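# Below are the sequence and a predicted model for it; my questions follow.
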Amino acid sequence: MESSGRSFGTAPVDSTSLTTTGYLPEDDDHYWDRMESNQQTEQPATDPQNNADLWVLEGVIDAPLVLPRPGAGPNQGKDVRGFSIDFGSGDGDGFVEFHAADVERANKPEWWSKDAPVLFDFRCSVVAAEPLVAWLRANDFLAQVLDRLTFLTGDPVTLVSRSYLYNETELIECEAGRRSTFRFQTGGIPTSTTGPMRNLHVLARLRPSNRGKLAMRWFRKALTFEKEEDQFLAFFVALEVLSDDIKAAAKISPTCKNCGAPISSFTSHLEGVKDVVNRHSDLPPKMFDRLRKMRGKIAHGELSESLLGDVRDCLPLVEQLAAEAIAISLGADASAVQTRGSRLYDATIFGDINFDPKQNPHSRWGQSIPVAVEHLRSLLQQ
């Protein structure tokens, strides 16, 4: 089968192979600049470092799907172990592979729930010159893979755990006897410190309106998201949901934005949000407009490095504003509301480890990433 555009092929033994084209993961501060310059040719952005290595991130996902079986050939209809996808150009940058933890279950329709997940081990590879860039690129690429698999399957594909990141180029050199160590990094799900319950003072008033219930749901969702732009958008949605409640609680009257004279109706739904922002006299002028525009750009897909920087700077503020809006809607003291302040982070331990053939990561997958990529591409030429 020719690999043209998006195509699907089956392996001759025990794995199903899928190949597709698409953008590679963000790799550095210049990614978006290169992406904009490449939009007309639809070529994926590449790592500018000449001395970049291949890195691999391993972990576990939950994917409520039934593996597609070979539709032709000697293995037609047989159970398969997993599948692989190449979003790159054959150099390993943007390759991902999945193996079912329970092959029998992954090959037939069964009931699924969060308590009874369908687990897959995964490894995904990216090219990067530095460990930190590799970690960021691999995690961003993984998020894209989960998004795309969710769309392909029509069911939520979620991350269960990250196991570790290692330098695949150095590992291959270890196997060849040219070196004895390779760089290795452990890491798990993002973490944060625990603390006392911050807002017990609102307990007596914790009888939210329907809008208040919905705002609390978006507030909770925001705290579960990993990407800062997702958190920002969810916090702002919580503010929008409560805008009308805040206008009523604060007894805000509609006025002309030009002259300030009373008018019959509000010209914007966000007047309540604006009131919450304007309660902070220490904020720079036009902060409400800045936050509103940021929200619009995120919602409309206008992401850029400068926008993501602004999101990172303003995220603690919009979280605090959302919490204060909830307190106002409850009739509680908004000035006493506290938020976590600190962001989620990945706890990682990085260093060189000695190569041990008995604990070689390749032994679990049967082959290195370059060999797996070449194998996939040979299948698609059949």
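Yep, it's here.
# quick one, helices of this structure?
31-38, 103-106, 131-153, 168-175, 210-224, 228-241, 243-249, 271-278, 287-299, 305-330, 362-365, 369-380 (DSSP state H).
# Just want the angle from the longest one to helix 287-299.
Interaxial angle, helix 305-330 versus helix 287-299 (axes from the mean of the first three to the mean of the last three CA atoms, to 10 degrees): 120 degrees.
# Low-confidence bits of the stretch 1-150 of the chain, can you list those?
Within the stretch 1-150 of the chain, the stretches with pLDDT under 70 are 1-50, 71-75.
# Kindly compare burial across the helices of the chain and name the winner.
Of all the helices of the chain, helix 228-241 carries the top mean neighbour count, a mean of 23, counting by mean count of other CB atoms under 10 Å. For every residue, glycine as well, the C-beta is placed using N, CA and C.
# Quick one: mean pLDDT for it?
pLDDT averaged over helix 228-241 equals 95, rounded to a whole number.
# separation between the residue nearest to Asp230 when sequence neighbours are not counted and Leu159?
The shortest distance from Asp230 to any non-neighbouring residue, by CB to CB, 6 or more residues apart in numbering, is to Ala222 (7.7 Å). Look at Ala222 and Leu159: by CB to CB, to the nearest Å, they are 18 Å apart.
# what residues are up against Tyr164?
Residues near Tyr164 by CB atoms under 8 Å, 6 or more residues apart in numbering: 57-58, 184-187.
# repeat for Ala327
By CB under 8 Å, 6+ apart, the contact set of Ala327 is 199, 202, 333-334, 336-337.
# Quick check: nearest residue in space to the most centrally placed residue in the chain, chain neighbours excluded?
What sits nearest the mean C-alpha location of the chain, by CA atoms, centre = their mean, is Ala143, with 3.8 Å. Leaving aside its sequence neighbours, Ala143 sits nearest to Lys227 (CB to CB, 6+ apart; 6.9 Å).
# Equivalent analysis for Met294, please.
Computed as CB to CB, 6+ apart, the closest residue to Met294 that is not its neighbour in sequence is Asp310, at 5.9 Å.
# got it, and Tyr166?
Phe184 is the one closest to Tyr166 (CB to CB, 6+ apart), at 4.7 Å.
# With Gln76 instead?
Pro70 is the one closest to Gln76 (CB to CB, 6+ apart), at 5.3 Å.
# The one you found and Arg81: what is the separation?
For Pro70, the distance to Arg81 - CB to CB - is 12 Å.
# Got the domain ranges for the protein?
Listed by automatic domain parsing, the domain ranges of the chain are 7-190+346-380, 200-336.
# Export the helices of the chain as TSV, with columns for distance to Pro64.
Below are those laid out as TSV (distance: least, CB to CB, whole Å):
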stretch	distance to Pro64
helix 31-38	32
helix 103-106	10
helix 131-153	7
helix 168-175	30
helix 210-224	19
helix 228-241	22
helix 243-249	37
helix 271-278	37
helix 287-299	28
helix 305-330	31
helix 362-365	23
helix 369-380	24
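# mind checking which of the ones you listed is nearest Gly88?
Counting by CB to CB, Gly88 lies closest to helix 369-380 out of the helices of the chain; the figure is 8.1 Å.
# The closest one packs against which elements?
Helix 369-380 is packed against strand 7-10, strand 16-19, strand 53-62, strand 82-86, strand 95-100, with contacts defined by 3 or more CB pairs under 8 Å, 6 or more residues apart in numbering; DSSP states H and E.
# what number of residues lie near Pro357?
9 (other CB atoms under 10 Å).
# so what's it up against?
Contacts of Pro357 were listed using CB under 8 Å, 6+ apart, and they are Glu175.
# backbone phi and psi for Asn107, please?
Main-chain torsions, Asn107, degrees, to the nearest 10: phi -110, psi 10.
# what's the distance between it and Phe122?
18 Å.
# Looking at these two, which has the bigger crowd around it?
It is Phe122, of Asn107 and Phe122, that has more neighbours when counted by other CB under 10 Å, with 24 against 17.
# which non-adjacent residue is nearest that one?
Phe98 (5.0 Å).
# Tell me who's in contact with the one you found.
By CB under 8 Å, 6+ apart, Phe98 lies in contact with 61, 63, 82-84, 120-122.
# 10 Å instead?
Applying CB atoms under 10 Å, 6 or more residues apart in numbering to Phe98 gives the contacts 15-16, 18, 60-61, 63, 65, 67, 81-85, 106, 120-124, 145, 149, 157.
# Please apply the same query to Leu67.
Neighbour list for Leu67: 15-16, 79-83, 98, 100, 103, 105-108, 118, 120 [criterion: CB under 10 Å, 6+ apart].
# do that again at 7 Å, thanks
By CB atoms under 7 Å, 6 or more residues apart in numbering, the contact list for Leu67 reads 16, 80, 82-83, 100, 106-107.
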